[in-house]
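# got a predicted model here, sequence first, then my questions.
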Amino acid sequence: MVTKRSVSLADEVAREVEAAALEDGVSFSAWLSGAAERQLRVRQGLRGVAAFESEAGALTAEEIAAGEALVARLLSGVSGMASRVRRR
Amino acid sequence: MTTREGLVYGVGALRAAARGDRMVWAVHRAALAHGIVPVVPVAAIAEAYRTEARGDRLEELLSGAEVEELDDEGARRAGELAARADTADLAAVITAQVAARRNCAVVASRQAALRTAAGLMGHDLIVYAV
């Protein structure tokens, strides 16, 4: 099922979406829908993290920094081993 | 060194999250904060629910993940690769396949099956071993 909505985009954004959709081989609508779906998933996921934290305790600044660093390493193509970050 | 475009969670990542591994949750948070939605193969989900009691934590993790389903063609390819890798660990083989196809790094624990499958595909596996 598909809902039709009229949306307004800045000219520059619309041009970039058009180019990206062409590159990805999908329609303008499908590209926008995918981007919205991804953004919603991120929001839901961060709520999931918050739910974990409310039960297990908030991630510390040190843990958050370690997670950020590890993701950056993995995306740059470097493997890693588990290590424990001390909880405060 | 080749960069990766996202993350795939194997069974080990899901188990670790269910058991409250804070590093896995910190990685998950970091990925999402950067707009990266981790991918989880259905086979890994099935295996995690088989062994983990904390389904609520799995649900929390999966709420911020893209579940990659498996069609008949994918199942055939996974079975053939598992046979070549001489392993019954289909979840690990499928995780390696997803990582190779989507150019993702892997968060998982099953090193041997993952690495064998990735090697057979000629894929350089980038992995965070939980």
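Perfect, I can see it now. Being a predicted model, the structure only gives us computed values, none of them experimental. Residues are numbered from 1 along each chain as shown, chains lettered A, B, ... in the order given.
# spit out the contact partners of the residue lying closest to residue B:69 once chain neighbours are set aside.
Take residue B:69 and drop its neighbours on the chain: the residue closest to it by Cβ to Cβ, 6 or more residues apart in numbering or on different chains is residue B:42, 5.5 Å away. Where you see a C-beta, it was placed from the backbone N, CA and C, and this is true even at glycine. Contacts of residue B:42 were listed using Cβ atoms under 8 Å, 6 or more residues apart in numbering or on different chains, and they are B:67, B:68, B:69, B:70.
# now the two most distant members of these.
Considering Cβ to Cβ, no two members of these lie farther apart than B:67 and B:70, which are separated by 10.1 Å.
# need the overlap of contacts for those two.
Overlap of the contact sets of residue B:67 and residue B:70 (by Cβ under 8 Å, 6+ apart) consists of B:41, B:42.
# what about those two, which has more around it?
When neighbours are counted by other Cβ atoms under 10 Å in any protein chain shown, residue B:67 and residue B:70 differ, and residue B:70 comes out ahead with 17 against 11.
# skipping adjacent residues, who's closest to the more buried one in space?
Computed as Cβ to Cβ, 6+ apart, the closest residue to residue B:70 that is not its neighbour in sequence is residue B:42, at 5.6 Å.
# and residue B:14, how close does it get to residue A:66?
Distance check for residue B:14 against residue A:66: by Cβ to Cβ, to the nearest Å, it reads 20 Å.
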